[in-house]
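Peer 1: quick one: sequence plus predicted model below, questions after.
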Amino acid sequence: MTDCVFCKIVRGELPSAKVHEDAHTLAIMEAGHVNPGHALVLVKPHHATMMDLPEELAAAAFRTANRIAKAVERAYAPAGLTILQANRPAGWQTVAHFHLHVLPRHENDGASIVWPAKRPAAEVLQQNAERLRAALAV
């Protein structure tokens, strides 16, 4: 995809603060960071969402995220750390190119992820598990 901002960063057409690069991934600082050390891990080829991503690239992205998270831990000693991956606008994705946020967290840093815990009955959870098992078998 030629007009994707992350593709342009991968190709070197737009500037970034590069942290790490390997054959499959690129880690950069998040320009609109929540806290210092907030990084993004991008896969180099364009894939819009996790569902479009081959398993090998997903593994490479999470390996890089693991390395970056450990570096964030050493460099910033945050109170916590969030790894966030969003898909499609309804899932909070703002750039349609697969990426992971590696976000150092501190008490009262203003970042939040809130969802209503609906607490379904055990039989509903079992039905949902069966539905997913059937989808995995396809």
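Peer 2: Looks like it came in fine.

Peer 1: is the residue most central in space within the chain in a helix, a strand, or coil?
Peer 2: Nearest to the geometric centre of the chain sits residue 100, at 1.8 Å (CA atoms, centre = their mean). Judged by DSSP: H, G, I helix; E, B strand; the rest coil, the three-state class of residue 100 is strand.

Peer 1: now do the contacts for it.
Peer 2: 40, 41, 61, 62, 65, 83, 84, 85 (CB atoms under 8 Å, 6 or more residues apart in numbering). No exception for glycine: its C-beta is placed from N, CA and C like everyone else's.

Peer 1: measure the third one to residue 108 for me?
Peer 2: Yep, that's residue 61 we're talking about. Residue 61 is 30 Å from residue 108, where distance means CB to CB, to the nearest Å.

Peer 1: neighbour-wise, which of these two wins?
Peer 2: Ranked by neighbour count (other CB atoms under 10 Å), residue 61 and residue 108 place residue 61 first, with 24 against 6.

Peer 1: the more buried one touches residue 25, doesn't it?
Peer 2: Yes: in this structure residue 61 lies within contact range of residue 25 using CB atoms under 8 Å: 5.7 Å.
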